[in-house]
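[1] okay, here's the prediction I keep looking at, along with the sequence it came from:
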Amino acid sequence: MKPFAYARAATVEEAAELYAAHPGARYLGGGTNLMDLMKLGVEEPATLVDVSRLPLDTVDELPDGSVRIGATVRNSDLAAHPTVRDRYSVLSQALLSGASGQLRNAATTGGNLLQRTRCPYFQDTGKPCNKRAPGSGCGARDGVHRDHAVLGHSPGCIATNPSDMAVALAALDAGVELFGADGPRTVPAAEFHRLPGDRPEQDTEIRPGELVTGVVLPSASAGLPSLYRKARDRASYAFALASVAVVLSVEDGVVRHAGVAFGGLAHRPWRARHAEQALLGAAPTTAAFERAVDLELAAAEPLRDNAYKVRLARGLAVDVLERLAPPGSS
Ligand code: SF4
């Protein structure tokens, strides 16, 4: 591993100052992804600004009924938090489907959002990869891409976002709180990650030096029926081939609220806006669910070896919708 300097920040403001004062710095949270990438030579920060002990380690209910999660709350603590389990169960389910218990004990909320793709070409410095080395090409496009994107990819990159948590946050209409040189701002979780376009090296909308300080779960999603389902190659400690998070409410025989997001299909959690629009006002029938999901997945552009993902995602989404609103029960 390349030598690096280390500095620990005591406050959010100090973290931003340390970052600005050290060219080539990176923020260090739980380190579960960053340290791996440093050992592989993919990341070579000159300085690590340790933000893991900032006073952002609480889950707080706010006066307006929303819930604020600090960026340094550990994934295991967040998954087990009573408020999250009771009112935003899809988030707890998504967290528990990711990684191992040991990793969840170390990984932070902010770090989970900022983890990088597990595309094997990205992790191998001997291979071409536009995300790691812009302009070098995409080894996966004509190579091994069974796990790669079917939605929203570009000629330059077909990687997927690996976070389960972020998929649940997108379906919940959460917001991501940031702090940088221009002060604080909040970005919708569904828009925090970006599609690759011609800048695949840029995973998110975060600006240079900005720090994730928290996540806000809106009161409007609290307590609604929700479910996360994930298909993967083995039962634990594996990334999603496809996953879906759904927040759904049915009143008077029709769908009144629908938040749907897919994981494992794109460079970011894929908020299924077309499916949501089709569901709103519809009676909860299998035909309506299939129609809504098909509308969304019509945009899929599978590659040579991953067309199976479209069928897999369709089956997952229809199954989850049926579980949340069993046809004929309303
Ligand atoms: Fe790199 Fe993206 Fe291509 Fe993977 S898919 S090799 S991350 S450019």
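    Arrived safely.
[2] from here on, just use CA atoms for contacts and neighbour counts.
    Will do.
[3] the closest residue to Ala307 other than its chain neighbours: neighbour count?
    The spatially closest residue to Ala307, leaving aside those adjacent along the chain, is Val150, at 7.5 Å (Cα to Cα, 6 or more residues apart in numbering). As a burial measure, Val150 scores 25 neighbours (other Cα atoms under 10 Å).
[4] ok, now Ala242?
    Counted with other Cα under 10 Å, Ala242 comes out at 25.
[5] cool, Ala235 as well?
    9.
[6] can you classify it by secondary structure?
    coil (DSSP: H, G, I helix; E, B strand; the rest coil).
[7] ok, now Val260?
    strand.
[8] quick one, what contacts His274?
    Taking Cα atoms under 8 Å, 6 or more residues apart in numbering, we find His274 in contact with 292, 295-296.
[9] isn't Val187 right up against Ala170?
    No. If you go by Cα atoms under 8 Å, Val187 and Ala170 don't touch, sitting 11.1 Å apart.
[10] who has more neighbours, the two?
    Shown here are Val187 and Ala170; by other Cα under 10 Å, Ala170 has more neighbours (27 against 16).
[11] now the more buried one, nearest residue through space, not along the chain?
    Ala170's closest residue in space is Ala190 (Cα to Cα, 6+ apart), at 4.5 Å.
[12] helix or strand right after the helix or strand hosting the one you found?
    Element membership of Ala190, judged by DSSP states H and E, is helix 189-192. The C-terminal neighbour of helix 189-192 among helices and strands, as given by DSSP H and E, is strand 211-217.
[13] partner strands of that following strand and their direction?
    strand 67-70 (antiparallel), strand 175-180 (antiparallel) (DSSP bridges).
[14] tabulate those (CSV), appending mean neighbour count, mean pLDDT and distance to the ligand.
    Formatted as CSV, those follow (neighbours: other Cα atoms under 10 Å; pLDDT from 0 to 100; distance: least, Cα to the nearest ligand atom, whole Å):
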stretch, mean neighbour count, mean pLDDT, distance to the ligand
strand 67-70, 22, 98, 29
strand 175-180, 22, 97, 24
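[15] may I see those organised as a markdown table, with distance to Val42 added?
    Listed next are the strands paired with strand 211-217 as a markdown table, based on distance: least, Cα to Cα, whole Å:
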| stretch | distance to Val42 |
| --- | --- |
| strand 67-70 | 28 |
| strand 175-180 | 25 |
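[16] show me the contacts for the residue minimising distance to the centre of the chain.
    Residue closest to the mean C-alpha point of the chain, counted by Cα atoms, centre = their mean, is Ala166 at 2.5 Å. Ala166 is in contact with 112-113, 189, 269, counting by Cα under 8 Å, 6+ apart.
[17] between the residues you listed, identify the one with the most neighbours.
    Neighbour max across the contacts of Ala166 (other Cα under 10 Å) = Pro269, 33 neighbours.
[18] just checking, that residue touches Leu172?
    No. Pro269 is beyond contact range of Leu172, at 11.9 Å (criterion: Cα under 8 Å).
[19] near the ligand, which residues of this protein are found?
    119, 121-122, 129-131, 138-140, 156-159 (Cα under 6 Å from any ligand atom).
[20] go again using 8 Å as the cut-off
    Counting by Cα under 8 Å from any ligand atom, the residues of the chain close to the ligand are 117-122, 127-132, 137-141, 145, 148, 156-160, 200-201.
[21] are any of these buried, and which?
    Neighbour-count burial (16 or more other Cα atoms under 10 Å) applied to the residues of the chain next to the ligand gives 117-119, 121-122, 127-132, 137-141, 145, 148, 156-160, 200-201.
[22] pLDDT below threshold where in the stretch 1-150 of the chain?
    Within the stretch 1-150 of the chain, not a single segment meets pLDDT under 70.
[23] what ranges does it have for its helices?
    Remark: helices assigned in the stretch 1-150 of the chain by DSSP state H, counting those that start in this stretch are 12-21, 34-40, 75-80, 82-87, 89-96, 101-106, 109-114.
[24] including distance to Val244, could those helices go into CSV?
    Listed next are those as CSV, based on distance: least, Cα to Cα, whole Å:
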stretch, distance to Val244
helix 12-21, 33
helix 34-40, 26
helix 75-80, 17
helix 82-87, 18
helix 89-96, 9
helix 101-106, 20
helix 109-114, 17
